[in-house]
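[1] sequence first, then the predicted structure:
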Amino acid sequence: MKTSTGTTLSALAKRPPPAVAAATPVRFVRARRPWRAWSEWPLSLRIGTVLLGIQLIVALAAGWLYPGDPFDLAGAPFVRPFEDPQFPLGTDIMGRDIAAGLMHGARVSLLVGLSATLIATVLGTAIGLLAGYFGGWLDHLLMRFTELFQVIPHFLFAIILVSIMGSKLQNIVLAIGVTSWTMVARLVRAETLALRERDYVKICAVMGGSRTRVILTHILPNAFAPVIVAASILTALAVLTEAGLAFLGMSDSNRVSWGGMIGASREALLDAPYMTLIPGAAIVFAVMALSLIGDGLTQHLRRDVRA
């Protein structure tokens, strides 16, 4: 009996503590989650990423494939697609190469969409964090300010701002970003209200952590997941808003964009519909890619939460 007991105790002593043995694989799994294999991503996220990647490649390759000015009158007007090998997508009413305008326009449209989303995300996140964490009169004041921006139609507000500031590219980016941050602010505020009641946030404050440290190290990283999803949607809306402004003639005259191409060719809509359909398809292509990315990120984050 002693030998059996001694052997048993000896074997148990050699085993690692249960907590250590169980904790190691958990840390390993958590460390790998942000770097899941491509095949584990939702289908919509993979498709959207590929579509957006194609557009980014087109935008980057524009200067190499069409090094000249896309506004140059490269040929005769009203050349239809595939009618002339020199102009695979045809020419517009002024004789400008549509393919060159399409590729250079990708730079402007995507740049405006991403830059305006960055402004809206930073502004909305800051307001949402302040309102959700401090609460009280500051929360009330910031939420009323947010509602003021919400009741004004975003597109109309952007038109007013561009009319006042001018139709330079940076002004268009600023106008779209300033008018589209409210959704991010409400999302971040809701997440912050829930996170500030968590034990680890309260412990950090009790142990002497400053409010800035609590917000930046404990609340912001955990509240940022829905912001990423919202950012993809905001980028799609920014691309559409820029196209709408350009269609109305409120675009930078020194930059070609998809919306500007549609606006410049609207007089020939019946005679040469390809002039508007081609850049219009590019806008649909971009918005669809960004929408798929947003839907895929939502599924991906929900799967992580369940796991």
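    Alright, I've got the coordinates.

[2] which parts of the strand or helix carrying residue 283 are buried?
    Element membership of residue 283 [criterion: DSSP states H and E] is helix 274-306. Across helix 274-306, burial judged by 16 or more other C-beta atoms under 10 Å covers 274-276, 278-280, 282-283, 285-287, 289-298, 300. Backbone N, C-alpha and C define where each C-beta goes, glycine included.

[3] and if you look at stretch 69-87?
    Buried residues in stretch 69-87, counted by 16+ other C-beta under 10 Å: 70-71, 74, 78-79, 81, 87.

[4] thinking again about what came up before, mean confidence for the helix holding residue 283?
    Mean pLDDT, helix 274-306: 86.

[5] what sits closest to residue 205 if chain neighbours are left out?
    Distances taken as C-beta to C-beta, 6 or more residues apart in numbering put residue 214 closest to residue 205, at 5.7 Å, once the chain neighbours are dropped.

[6] was I right about that neighbour contacting residue 207?
    No: if you go by C-beta atoms under 8 Å, residue 214 and residue 207 don't touch, sitting 10.2 Å apart.

[7] and the two? Which one has more around it.
    When residue 214 is set against residue 207 and neighbours are counted by other C-beta atoms under 10 Å, the residue ahead is residue 214, at 19 against 7.

[8] which residues in the stretch 1-150 of the chain form helices?
    For the stretch 1-150 of the chain, the helices defined by DSSP state H, counting those that start in this stretch occupy 2-14, 18-32, 43-65, 98-134, 136-151.

[9] could you give the angle of the fourth one to helix 136-151?
    Going by axes from the mean of the first three to the mean of the last three C-alpha atoms, to 10 degrees, helix 98-134 is angled at 150 degrees with respect to helix 136-151.

[10] now do the same contact list for residue 106.
    55, 58-59, 62, 258, 282 (C-beta atoms under 8 Å, 6 or more residues apart in numbering).

[11] rerun at 6 Å
    55, 58-59 (C-beta atoms under 6 Å, 6 or more residues apart in numbering).
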